[in-house]
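**Student:** this one's structure only:
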Ligand code: SAH
């Protein structure tokens with residue numbers, strides 16, 4: 001139930017659901033998702049659904065993880081990326097497969113400790129985890145080629161676009177204004193030298209992006 005063969009079926013399903021980036025699909029094939037959920041839920045780890053990870057949070061469903069990675073990559077190999085909302089660390093591990101360096105922040109300290117244990121067992125050496133509020137500017141002055149936010153908001157956090165390099169891409173779940181349907185959708189914000197360009201993608205459901213630390 002937790003074998004490479006089960007993962008292969010998950011990847012086939014992702015393909016049927018429209019994921020095309022082979023680099024992302026290979027990363028999803030490589031990372032054992034069952035080690036990121038409680039043992040009692042391990043047999044459901046490869047279903048396409050979010051699962052509880054404690055503290056009122058969830059591990060995102062495989063399609064959402066794959067789609068966000070695909071939207072951030074746009075077929076390009078990436079250097080340093082930031083993930084806001086480490087949760088159990090699953091998406092962090094997926095990103096670590098194809099990004100040179102992954103910096104991931106989580107506001108719930110106990111959850112970050114759990115992610116640290118999970119990632120340690122995978123020996124991901126290009127990952128840096130930090131207990132921090134990712135909606136605010138990071139304490140260090142860092143710039144990223146890509147940023148993925150794993151929690152939903154109504155506004156694009158300026159602190160995040162400021163940490164993108166020119167040509168970088170921020171992928172986040174954004175609740176659109178009522179006039180634009182009021183739905184939560186995946187949005188890509190692409191930064192150029194003098195502009196931020198937004199494109200709106202699929203409807204999604206994420207836990208809220210909160211401020212402060214817990
Ligand atoms: N990336 C995870 C998804 C975790 S759910 C996965 O692989 O499945 C989203 C996470 O975002 C939660 O753990 C929540 O605590 C965290 N979060 C919410 N607001 C945040 C903030 N401002 N800064 C950092 N983390 C935040």
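**Tutor:** Looks like it arrived, so ask away. Just so it is clear, the structure is predicted and the values come from calculations on it, not from any experiment.
**Student:** What parts of this protein come near the ligand?
**Tutor:** Listed as neighbours of the ligand in the chain under the rule CB under 6 Å from any ligand atom: 57-60, 84-88, 90-91, 105-108, 111, 133-135, 150-151, 207, 209-211. For every residue, glycine as well, the C-beta is placed using N, CA and C.
**Student:** And the buried ones among those residues, selectable in PyMOL?
**Tutor:** Applying 16 or more other CB atoms under 10 Å to those leaves a buried subset, and the PyMOL line that selects it is:
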select buried, resi 57+58+59+60+84+85+86+87+88+90+91+105+106+107+108+111+133+134+135+150+151+207+209
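**Student:** Please list the members of the residues of the chain next to the ligand that lie in strands.
**Tutor:** Among those, the ones falling in strands (DSSP state E) are 57-59, 84, 105-106.
**Student:** Same list, those residues, but as JSON lines with pLDDT and distance to residue 12 please.
**Tutor:** Shown next, in JSON lines, are these (pLDDT from 0 to 100; distance: CB to CB, whole Å):
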{"residue": "57", "pLDDT": "95", "distance to residue 12": "28"}
{"residue": "58", "pLDDT": "95", "distance to residue 12": "24"}
{"residue": "59", "pLDDT": "95", "distance to residue 12": "20"}
{"residue": "84", "pLDDT": "98", "distance to residue 12": "30"}
{"residue": "105", "pLDDT": "98", "distance to residue 12": "33"}
{"residue": "106", "pLDDT": "98", "distance to residue 12": "31"}
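**Student:** which residues does the nearest residue to residue 206 once chain neighbours are set aside bridge with?
**Tutor:** Sequence neighbours aside, residue 152 is the residue nearest to residue 206 in space, at 3.8 Å (criterion: CB to CB, 6 or more residues apart in numbering). Counting by DSSP bridges, residue 152 is bridged to residue 208.
**Student:** among the ones in strands among the residues of the chain next to the ligand, which two are most distant?
**Tutor:** Among these, the pair separated by the greatest distance (CB to CB) is 58 and 105, at 17.7 Å.
**Student:** helix or strand right after the strand ranked longest in the chain?
**Tutor:** Assignment by DSSP E gives strand 164-175 as the longest strand of the chain. Using DSSP states H and E, the helix or strand that follows strand 164-175 in sequence is strand 184-192.
**Student:** Now do the buried residues in that following strand.
**Tutor:** Using 16+ other CB under 10 Å as the test for burial, strand 184-192 gives 184-191.
**Student:** again, but for stretch 43-60
**Tutor:** 45-46, 50-51, 53, 57-60.
**Student:** Show me where the protein has its helices.
**Tutor:** Secondary structure of the chain by DSSP state H: the helices cover 4-16, 22-30, 62-73, 90-98, 109-120, 158-161.
**Student:** Looking at those helices, which is nearest to residue 171?
**Tutor:** Evaluated with CB to CB, those place helix 62-73 nearest to residue 171, the distance being 4.8 Å.
**Student:** ok, now which ones touch residue 9?
**Tutor:** Applying CB atoms under 8 Å, 6 or more residues apart in numbering to residue 9 gives the contacts residue 46.
**Student:** Tell me how far it lies from residue 129.
**Tutor:** Distance of residue 9 to residue 129, given as CB to CB, to the nearest Å: 30 Å.
**Student:** Also residue 26?
**Tutor:** Counting by CB to CB - residue 26 and residue 129 are separated by 23 Å.
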